[in-house]
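# Dropping a prediction and its sequence here:
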Amino acid sequence: MMKIIRILPALLIIAAAGCSLHESKINRPLIEVPSSYSSGEEKPAPPIGKWWEQFEDNKLNLLMEEAFRHNPDIVRAYERLRQSRALMHISASSTGLILNIEGSGGISRRPGISGTSTSGSYTLSAAAAYESDLWGKLESKTRAAQLDALASEQNLKALYISISAELADLYYLAIEQRAQLELSDQTIASFQDTLERVERRYREGLVPAIDVYQSRQNLSTARSRRPLFESGLSVTLNAISVLTGNFPDKKRGGDVNDLKKAPVFPAGLPSQLLKNRPDIRAALLRLKASDERVAVAIADRFPSFNLAGGYGGSSDKIRTILDSPNVLWNILLQIAQPVFDAGRRRAEVDRTEALFRENLALYHKAVLNAFREVEDALSRIRASEERIKTLDETVSASENSLRLALDRYMQGLTDYLPVLSGQLRHLTAKSDLIAARRQAVSDRIQLARALGGDWVETVFNKETI
């Protein structure tokens, strides 16, 4: 017994120092990134801040603020972050001293030879326990929980970026659909006017009946397009309402004149992408957490040291519990060494190492996908700009062609077929141009989403967590 007491301080000093049995695999570079994008963008990009503000649309700015406050997915992500931080505190508590105070008391009455007697019985004790972290198991477990909480925070920031891009995309989609509705109304009015002129010439015996039927066919085609855009606009506005945490409201969304040319967002250096994308940072944090859990699994195969103690007393009166001669105390050092577990702990090491390699692959995938999204957005932007230029020329040419065909028809120089074809080509060209301009805005929005950025720090509400 005396020998144990002598070596106890030495064991506690060794246990307090702790040591790690696992060498981290994250000290070396995990992935090499290219020095530039395929577009040739090599200069560092300035911070773009809240990128949607560069559209200079106050209605969009107000919708963003509303979405950041009330979007159900963001609210849900905050609650997940609270859970992660609670688990972090639970894990951290395992490295400290655990102290419990227990007490009991009661009164009993018993009959006896000399009469009925009443007696009391009261106990009060304190029990303490402490697990030493000789192999760094508890510290690694705590660090893993901390990294999980940080990853949850980055996931929340990534959600802010995703919601902002989705909302802006829907906002300008609603503007495009309103523009398509306006074009449909203008086209219907124009085709109605043409039909009346053809019918008048038919009544005068200048044109055959087939011209009237073909003109009516064009008018019906134009009218049939309108319900599609009405339905699309309604669905888009409903999506905007839900995204901002509201019931469907048809009044949301911008006006036709709000479909402007999107601002330019420089791509910058590829190395900046690793810092600006919260999803990449979250993948790296999850990778580090899995590395810490490998250390936990390895340390679990080695001896554990637990120190427990208790102090208390009992008495027939509450005020004399600790002054009574029935005071007890104990100190206990427990050492447990796994001997045989049918390979369970070895299998747990294998499992955590495989999980680390899986998370390493997920990190590589996150980086590769981020670069692909930037490259895709840059490619689409270039294609959209070229398409708009071509469609501008197409609209101008089809307008001139239609005007000439209509003039020649009204002069009786040609039949109605060139007018019929010209009207449909001009309508299609103008509709395609509206869609292309909105697509160009969407491509810019997707580039802003792909680039990430630190603007999310200004909207991330740490006070609510």
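Perfect, I can see it now.
# what about Gln446, which helix or strand?
Element membership of Gln446 [criterion: DSSP states H and E] is helix 417-451.
# Can you name every helix or strand that that helix contacts?
Under the contact definition 3 or more Cβ pairs under 8 Å, 6 or more residues apart in numbering; DSSP states H and E, helix 417-451 sits against helix 137-203, helix 209-243, helix 344-410. Bear in mind the C-beta positions are built from the backbone N, C-alpha and C, glycine included.
# how about that helix: buried residues?
418-420, 422-427, 429-451 (16 or more other Cβ atoms under 10 Å).
# thinking again about what came up before, in JSON lines, list the helices and strands packed on helix 417-451 along with mean neighbour count, mean pLDDT and distance to Gly96.
Output for those, formatted as JSON lines (neighbours: other Cβ atoms under 10 Å; pLDDT from 0 to 100; distance: least, Cβ to Cβ, whole Å):
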{"stretch": "helix 137-203", "mean neighbour count": "20", "mean pLDDT": "92", "distance to Gly96": "10"}
{"stretch": "helix 209-243", "mean neighbour count": "16", "mean pLDDT": "91", "distance to Gly96": "44"}
{"stretch": "helix 344-410", "mean neighbour count": "16", "mean pLDDT": "91", "distance to Gly96": "25"}
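# export those to CSV and tack on distance to Ser104?
Output for the helices and strands packed on helix 417-451, formatted as CSV (distance: least, Cβ to Cβ, whole Å):
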stretch, distance to Ser104
helix 137-203, 32
helix 209-243, 57
helix 344-410, 39
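# Contacts only, for Thr332.
Quick fix: residue 332 is Leu, not Thr. Leu307, Ala308, Gly309 (Cβ atoms under 8 Å, 6 or more residues apart in numbering).
# Which secondary structure element is home to it?
strand 327-336.
# Same check on Thr118?
strand 117-132.
# Report all helices and strands that that strand contacts.
Counting contacts by 3+ Cβ pairs under 8 Å, 6+ apart, strand 117-132 is packed against helix 2-17, strand 98-110, strand 304-315.
# Could you tell me the least trusted of the ones you listed?
For these, the stretch scoring lowest in mean pLDDT is helix 2-17; its value is a mean of 45.
# Can you list the buried residues in the next helix or strand after that helix?
As assigned by DSSP H and E, the chain's next helix or strand after helix 2-17 is helix 58-70. If you call a residue buried by 16+ other Cβ under 10 Å, then helix 58-70 has these buried ones: Leu60, Leu63, Met64, Glu66, Ala67, Phe68.
# cool, and stretch 102-114?
In stretch 102-114, no residue is buried by neighbour count (16+ other Cβ under 10 Å).
# Repeat that for stretch 268-280.
Result for stretch 268-280 [16+ other Cβ under 10 Å]: buried residues Gly268, Leu269, Pro270, Gln272, Leu273, Leu274, Asn276, Arg277, Pro278, Asp279, Ile280.
# follow-up on the earlier one: the inter-axis angle of the strand holding Leu332 versus strand 304-315?
Strand 327-336 runs at 170 degrees relative to strand 304-315, counting by axes from the mean of the first three to the mean of the last three Cα atoms, to 10 degrees.
# Report the buried residues of strand 327-336.
For strand 327-336, by 16+ other Cβ under 10 Å, it's Leu333.
# What pairs with that strand, parallel or antiparallel?
strand 304-315 (antiparallel) (DSSP bridges).
# and the angle from the partner strand to strand 98-110?
30 degrees.
# can you pull the buried residues of strand 304-315?
For strand 304-315, the buried set under the neighbour-count rule, 16+ other Cβ under 10 Å, comprises Ser304, Phe305, Leu307, Gly310, Gly312, Gly313, Ser314, Ser315.
# Looks like the first one contacts Ala336 (just checking).
So that's Ser304. Yes. The pair Ser304 / Ala336 is scored as a contact, 5.0 Å apart, by Cβ atoms under 8 Å.
# sorry, back to before: return the subset of the buried residues of stretch 268-280 lying in helices.
Pro270, Gln272, Leu273, Leu274, Asn276, Pro278, Asp279, Ile280 (DSSP state H).
# Can you tell me which member of those residues has the lowest pLDDT score?
Among these, Pro270 has the weakest pLDDT, 75.
# distance of it from Ile90?
39 Å (Cβ to Cβ, to the nearest Å).
# what do you get for Thr390?
Thr390 is 61 Å from Ile90, by Cβ to Cβ.
# cool, and Leu156?
For Leu156, the distance to Ile90 - Cβ to Cβ - is 20 Å.
# repeat for Leu237
44 Å.
# who wins for proximity to Ile26 among the helices and strands packed on helix 417-451?
helix 344-410 (8.9 Å; Cβ to Cβ).
# helices or strands next to the closest one in the packing?
By 3+ Cβ pairs under 8 Å, 6+ apart, helix 344-410 packs against helix 137-203, helix 270-276, helix 278-299, helix 417-451.
# among those, which is nearest Ser24?
Comparing the helices and strands packed on helix 344-410 by Cβ to Cβ, helix 278-299 comes nearest, at 5.6 Å.
# The closest one packs against which elements?
Using 3+ Cβ pairs under 8 Å, 6+ apart as the test, helix 278-299 ends up in contact with helix 137-203, helix 270-276, helix 344-410.
# contacts for the second one?
With contacts defined as Cβ under 8 Å, 6+ apart, helix 270-276 is touched by 33-37, 44-45, 280-281, 367, 370-371, 374, 451-454.
# so who does the most centrally placed residue in the chain touch?
Taking Cα atoms, centre = their mean, the centroid of the chain lies closest to Leu159, which sits 2.5 Å from it. If you count contacts by Cβ under 8 Å, 6+ apart, Leu159 has them with Asp73, Ile74, Ala77.
# Show me how to select, in ChimeraX, the buried members of the residues you listed.
To isolate the buried members of the contacts of Leu159 in ChimeraX, using 16+ other Cβ under 10 Å:
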select :74,77
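# Can you tell me which of the contacts of Leu159 is nearest Val459?
Once Cβ to Cβ is applied, the member of the contacts of Leu159 that ends up nearest Val459 is Ile74, at 9.7 Å.
# ok, the closest one to Ala158 distance?
With distances taken as Cβ to Cβ, Ile74 is found 11 Å from Ala158.
# and if you look at Val33?
19 Å.
# Check Leu170 too.
Leu170 is 19 Å from Ala158, by Cβ to Cβ.
# How about Ile445?
16 Å.
# Please apply the same query to Glu457.
13 Å.
# do His22 as well
Distance from His22 to Ala158, by Cβ to Cβ: 29 Å.
# Asn246 now?
Counting by Cβ to Cβ, the gap from Asn246 to Ala158 is 23 Å.
# give me the number of residues near the residue nearest to Val349 when sequence neighbours are not counted?
In this structure, Val349 finds its nearest non-sequential neighbour in Ala297, 4.5 Å apart by Cβ to Cβ, 6 or more residues apart in numbering. Per other Cβ atoms under 10 Å, the neighbour tally for Ala297 reads 21.
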